[in-house]
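Chemist: Give me a 3D structure for the following:
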Amino acid sequence: MTDEQWMFEFAKKLRRKMNMQQIAQKELSALSGISETTISRYLSGTQMPKIRPVLKIAKALSASIFELLPFD
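Modeler: Here you go, the predicted structure:
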């Protein structure tokens, strides 16, 4: 899986989880402590998240990182 494919899959999983919980970017930003700009970049698949932000997002969404990360 290329980096681009990985970012696309992460974005898709993140978007799905946010939709299921009816959480907007602004709210996720507030809950996770990650800027709205960065959340937007994750959702558009233009920025590769590091592990710490993934952990913060998972915690904010009451999710496991396995629900967010794409695995081959």
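Chemist: could you list every residue that touches the one residue sitting closest to the centre of the chain?
Modeler: Of all residues in the chain, the one closest to the mean position by Cα atoms, centre = their mean is residue 14, 4.2 Å from it. Contacts for residue 14 (Cβ atoms under 8 Å, 6 or more residues apart in numbering) come out as 42, 43, 57, 68. Using the backbone N, CA and C atoms, a C-beta is placed for each residue, glycine as well.
Chemist: switch to 6 Å and redo it
Modeler: Neighbouring residues of residue 14 by Cβ atoms under 6 Å, 6 or more residues apart in numbering: residue 68.
Chemist: any idea how far it lies from residue 48?
Modeler: Going from residue 14 to residue 48 by Cβ to Cβ, to the nearest Å gives 13 Å.
Chemist: Next: residue 35.
Modeler: As judged by Cβ to Cβ, residue 35 and residue 48 stand 16 Å apart.
Chemist: and if you look at residue 63?
Modeler: Here residue 63 is placed at a distance of 19 Å from residue 48 (Cβ to Cβ).
Chemist: ok so, going back, give me the element the residue nearest to the centre of the chain is part of.
Modeler: Residue 14 belongs to helix 3-21 when assigned by DSSP states H and E.
Chemist: Got the confidence number for residue 32?
Modeler: With respect to pLDDT, residue 32 has a value of 97.
Chemist: That one is in contact with residue 55, isn't it?
Modeler: No: using Cβ atoms under 6 Å, residue 32 is not in contact with residue 55; the gap is 9.3 Å.
Chemist: between those two, who's got more neighbours?
Modeler: Between residue 32 and residue 55, counted using other Cβ atoms under 10 Å, residue 32 has the larger neighbour count: 19 against 14.
Chemist: Residue 36 touches residue 27, doesn't it?
Modeler: No: applying Cβ under 6 Å, one finds residue 36 not in contact with residue 27, separated by 9.8 Å.
Chemist: Can you tell me the closest non-neighbouring residue to residue 34?
Modeler: Using Cβ to Cβ, 6 or more residues apart in numbering and skipping the chain neighbours, the partner closest in space to residue 34 is residue 53 (5.4 Å).
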